[in-house]
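Asker: I'd like to go over a predicted model; first the sequence, then the structure.
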Amino acid sequence: MALFGAFFFLVILLFGVILTGSVAFGLFVAGILVIAYAAFTYFTGDKLVLKMSRAKAADKSQYHDLYDIVEGLAAAEQIPMPAVYIIDDPNPNAFATGRNKKHASIAVTTGLLGMMDKRELEGVLAHEASHVGNNDIQFMMVAIVFAGVIGLIAVFVRSMLFFGGIGGGNNRNNGGLLLLVALVLGLLAPLFAMLIRLAISRRREYMADANGARITRDPAALASALRNIQKYTARPAAKPVKSANEITAPLYFSNPLNMRSVSNLFSTHPPIEDRIQKLEHMY
């Protein structure tokens, strides 16, 4: 996060210079805009994620067993009871979101409910409850906000390049240098932000696996759930989560998008086989 913050500051500073020709004024204007965007996203981000994911509040009478499991895990993790949501999708998956422990939600797909037995389902939900207890939901929301801001700035810089808006005023003599900086920023900033966000996500997944196994005292159940998901994703007819996208993907229990990706560098999650092996060492 320190690296993320330093890179974020550098991007804002360069953007301010490119936009206004003044370091102080550019940083001030960019800072105001970013703070407003970050505040809006932070306080409404979880609702937007649930809406984007087409998650519906779970009917307690219909999903009584699901509520019982979540309630028990919340008590074990010593967190308030999260809101429970259902996503109508055959892909077996789940995610937790929210800005803090008091405003947390756990969403599960109908595919997960249909595929897992009670022990396996409890293992997956323990993983998600761990994300809430470890403040990972807050951590990832901040990371997503930062990455989103950097992406927006990069789009703006590329637009300025396209329409020739670089190098005005006091910057005319340094137009070539600013053009080069803008080009590098526009191309590399989103990539670097994404890599940091993905690295954070993978690290937190291992931690949530370990803590989820600790809560249930049944690492074999979580390992079994991961094997079932691995078998599902290996099927030729397997589909990604329909409502998932690059923004929400890091929140999911397993990668909802590039399920057969061969590159760990651009994956939102650690390889399932690595997660299973680490859990096997716990029992």
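Answerer: Perfect, thanks for sending it.
Asker: show me this protein divided up by domain.
Answerer: Domains of the chain are assigned by automatic domain parsing as 2-45+145-185, 48-138+198-280.
Asker: straight-line length of the longest one, end to end?
Answerer: With C-alpha to C-alpha, to the nearest Å as the measure, domain 48-138+198-280 spans 36 Å from end to end.
Asker: remind me which residues of the stretch 1-150 of the chain are low pLDDT?
Answerer: 1, 4-5, 15, 18-20, 26, 30 (pLDDT under 70).
Asker: surely Arg141 and Phe43 touch.
Answerer: Residue 141: Met, not Arg. No - using C-beta atoms under 8 Å, Met141 makes no contact with Phe43, being 9.9 Å away. Quick note: C-beta positions are derived from backbone N, CA and C, even for glycine.
Asker: more crowded one of the two?
Answerer: Met141 (23 against 12; other C-beta atoms under 10 Å).
Asker: which stretch of helix or strand covers the more buried one?
Answerer: helix 136-163 (DSSP states H and E).
Asker: Val70 and Ala107, how far apart?
Answerer: 11 Å (C-beta to C-beta, to the nearest Å).
Asker: more neighbours: those two, which one.
Answerer: Each of Val70 and Ala107 has its neighbours counted (other C-beta under 10 Å); Ala107 has more, 27 against 23.
Asker: could you pull up phi and psi at that one?
Answerer: phi -120, psi 140 (degrees, to the nearest 10).
Asker: excluding chain neighbours, give the residue nearest to it in space.
Answerer: Tyr85 (3.9 Å; C-beta to C-beta, 6 or more residues apart in numbering).
Asker: and the one you found, that's in a helix?
Answerer: No - under DSSP: H, G, I helix; E, B strand; the rest coil, Tyr85 falls outside any helix and is assigned strand.
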